[in-house]
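In: Make a model of this:
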Amino acid sequence: MTLFSNAGRMDRSTAAPLRRRLLSAARFEVIPLNNLSSQLAHLPLGASVSVTASPNKSLEDTWRLTSDLLSRGLRPVPHLAARMVESHQQLKRLVQELADLGLSELFLVGGDAPAPFGPYEDSVEVLQAILELDHQLDHIGVTAYPDGHSFIESPVLSSSLRKKQQLLEEAGMQGHAATQMCFDSDAIREWLKRERREGLKLPIHLGIPGAVQRAKLLSVGARLGVGASLRYLQKNSGAIGRILLPGGYNSNKLLSPLAGSLEELNVTGLHIFTFNQIEATVAWRDNAVATLKI
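Out: The predicted model follows:
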């Protein structure tokens, strides 16, 4: 049987248990902003929580929130934004602080800063520097862009992803690639099939929006590098009406068409962008899990 053959695809009913497992174990992304505190109580105890890094904040802010989430009985994974690292000493200290907290995973991003704060231009350089440290990490996640990036060419993105995979393999380090949001299920499938053919072996965590209000989703689209997908929605007749519900986005509209391909494409996790709308997102997730049990 050839890779990605139609015969090898699971039908949607067979794929339901896998979708249920992925949704049940999904990681929730939060942003260290003032509007987060009132929402934290809605995170399920023991949930995996991804903590973003923003150039409007500091990496120390991300680490402080990580420590707070840990004290609440959650499993936080901080984002380390390469372009926000001010020095090698800061990098060494942040990695050591993770070990002091008993954490062994981080998520590495390039970052949205218009210029590097310090010596590192991109996430490949920071990954190399981390792997040379006396670290206690056993898992590093990296970014992937099915929808492209606002200022990085697609061939460069692919080359960088495979370089990070190579560095992780050479270090004997576990890792995964989490995708930026993309609303076009066909584009996700074709992108991942192409990357797999070209040598991508890392497990994929599929990035999906939670129950996010329509205005919030549209307003952040360009900043998050999902402009092409938003244009896809706008150009396809009725797509916004079908996909963006009055209360918010329904990620089932993205997951359902991909259901039969998740296993063969080695999609092992879901990374849910909450935009700090945690209560609504967790309620949507719980309802989706319950529906798949029927």
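In: Show me what the most centrally placed residue in the chain is bridged to.
Out: For the chain, residue 178 is the residue whose C-alpha lies nearest the centre (Cα atoms, centre = their mean; 3.9 Å). Here residue 178 shows beta-bridge partners residue 143, residue 205, assigned using DSSP bridges.
In: contacting residues for it?
Out: 107, 141, 142, 143, 144, 204, 205, 206, 207, 269, 271 (Cβ atoms under 8 Å, 6 or more residues apart in numbering). The C-beta positions use only the backbone N, C-alpha and C, and glycine is treated the same way.
In: Tell me the pLDDT of it.
Out: We note a pLDDT of 97 for residue 178 in this prediction.
In: Quick check: what element follows the helix or strand bottoming out on mean pLDDT in the chain along the chain?
Out: The helix or strand of the chain with the poorest confidence is helix 239-243; it has a mean of 43 (mean pLDDT, DSSP states H and E). The helix or strand immediately downstream of helix 239-243 is helix 252-258, counting by DSSP states H and E.
In: And the contacts of the longest helix belonging to the chain?
Out: Using DSSP state H to define each element, the chain has its longest helix at helix 154-171. Applying Cβ under 8 Å, 6+ apart, the contact partners of helix 154-171 are 108, 122-124, 127-128, 131, 140, 142, 144-145, 148-149, 174-175, 177, 195, 198-202.
In: Of the residues you listed, grab the buried ones for ChimeraX.
Out: The buried residues among the contacts of helix 154-171 can be selected in ChimeraX (16 or more other Cβ atoms under 10 Å) with this line:
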select :108,122,123,124,127,131,140,142,144,145,148,175,177,195,200,202
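In: Distance across stretch 101-117, terminal residue to terminal residue?
Out: Distance between the two ends of stretch 101-117: 25 Å, counting by Cα to Cα, to the nearest Å.
In: Can you list the low-confidence ranges for the stretch 51-200 of the chain?
Out: Across the stretch 51-200 of the chain, nothing is flagged by pLDDT under 70.
In: those strands in it, which residues are they?
Out: 75-81, 105-109, 139-144, 174-179 (DSSP state E, counting those that start in this stretch).
In: Would you mind putting these into a markdown table with distance to residue 39 alongside?
Out: As requested, those are arranged in a markdown table below (distance: least, Cβ to Cβ, whole Å):
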| stretch | distance to residue 39 |
| --- | --- |
| strand 75-81 | 15 |
| strand 105-109 | 20 |
| strand 139-144 | 23 |
| strand 174-179 | 21 |
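In: Quick check, pLDDT for residue 4.
Out: Per-residue confidence (pLDDT) for residue 4: 40.
In: and what of the one 5 residues further on?
Out: The score at residue 9 is 49. That number is its pLDDT.
In: try the one 5 residues further on
Out: In this model, residue 14 is scored at 57, pLDDT.
In: before we move on, back to that, residue 68: which of the strands of the stretch 51-200 of the chain is closest?
Out: strand 75-81 (8.4 Å; Cβ to Cβ).
In: so who does residue 51 touch?
Out: With the criterion set at Cβ under 8 Å, 6+ apart, residue 51 makes contact with 29, 30, 32, 62, 65, 66, 69, 76, 77, 78, 79.
In: Out of those residues, flag the one nearest to residue 260.
Out: Of all the contacts of residue 51, residue 29 has the smallest distance to residue 260: 26.1 Å, by Cβ to Cβ.
In: element containing residue 285, please.
Out: Assigning secondary structure by DSSP H and E places residue 285 in helix 278-293.
In: name the helices or strands packed onto that helix?
Out: Here helix 278-293 touches helix 12-24, strand 27-30, going by 3 or more Cβ pairs under 8 Å, 6 or more residues apart in numbering; DSSP states H and E.
In: can you pull the buried residues of that helix?
Out: So for helix 278-293, counting by 16+ other Cβ under 10 Å, buried means 278, 280, 281, 282, 284, 285, 288, 289, 292.
In: Spatially, what comes nearest to the last one if we skip its sequence neighbours?
Out: Just to be clear, that refers to residue 292. residue 20 (4.3 Å; Cβ to Cβ, 6 or more residues apart in numbering).
In: and that neighbour, how many neighbours?
Out: Counted with other Cβ atoms under 10 Å, residues neighbouring residue 20 total 16.
In: Please tell me I have it right and it contacts residue 289.
Out: Yes. Using Cβ atoms under 8 Å, residue 20 is in contact with residue 289, at 5.7 Å.
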